[in-house]
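K.L.:
Any chance you can model this:
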Amino acid sequence: MKDDYIFQIVKAEGLEPISIDEISHLPISIKPLYMCKFGCKEYGNYPSCPPYTGTYEDIVRFWQSYSRFVLVTTQDEFDEDFDMYKRNFQYKLINIQRKLRDMGFYYVFPLFPGSCRLCKVCGMPHECYRPQDVRPSVSAMGVELISYLQERTSEIDKVNIYLHTRRLFSIILLE
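P.N.:
Numbering: from 1, shown residues only. Here you go, the predicted model:
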C-alpha cells in the first residue's frame, strides 16, 4: 500500500517512478568513483561530487543501512538549458524527500543525477549556499546505474534509453 503512495508522490512532483527494488539488486562498486576522479571536470568542484561524498568504505557502510529504493526519471526530455532542467529535477527530488518523510520514511534520501545544480552560481569550493539540500550524485555513491538499467531492460528499451532519450535518472533511498 505504501508503494502506491510513493508512486503518487513521485508523479505529483512531475517525475516518473520506474520501480521500487531491493538495494541488494543495485550494483555498487568503486568504478563510478574512479570515473568521477579521472574523467569528470566536476570532481572536487561540487559538494555532491567526490571527494566530498566520503571514502569508498564510507559509501559501502552507507549502503548497508538501506534496504529499498525507488528508481525515478523525468517525464519529459531536456532542451537547450540543461542546467535549469537538472536544477528543476533536483528540487523535485528534495520536495519528494520532504513529503515521504512526512509519510513516515524518516531516513528517505534522494541521490542527485550528476553534480549539484541547486544554485545558479555555485559558491564551491569555498562555500556551499544550500548545504541542507545538497545530496550526493548517484555515481559519487558508487552506483553503476547503467549496469542496473541494462540488466532490467529489453534490448529495444536499452537503445531507446541510451540513444534516443534525453532524460535524467535518479534513485531515492527508502527507509
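K.L.:
Could you use CA atoms for every contact and neighbour count after this?
P.N.:
OK.
K.L.:
Tell me where this protein has strands.
P.N.:
15-22, 68-74, 109-111, 169-174 (DSSP state E).
K.L.:
what's the shortest one in contact with?
P.N.:
What it means is strand 109-111. Contacts to strand 109-111, defined as CA atoms under 8 Å, 6 or more residues apart in numbering, come from residues 93-94, 97, 135-138, 170-174.
K.L.:
Could you rerun that using 6 Å?
P.N.:
135-138, 171-173 (CA atoms under 6 Å, 6 or more residues apart in numbering).
K.L.:
repeat for the first one
P.N.:
Among residues not part of strand 15-22, those counted as contacts by CA under 6 Å, 6+ apart are 7, 67-75.
K.L.:
Can I get the buried part of those as one PyMOL selection?
P.N.:
Those of those that count as buried under 16 or more other CA atoms under 10 Å are selected in PyMOL with:
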select buried, resi 7+68+69+70+71+72+73+74
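K.L.:
Pull the most distant pair out of the contacts of strand 15-22.
P.N.:
In terms of CA to CA, the contacts of strand 15-22 reach their longest pairwise distance at S67 and Q75, which sit 26.1 Å apart.
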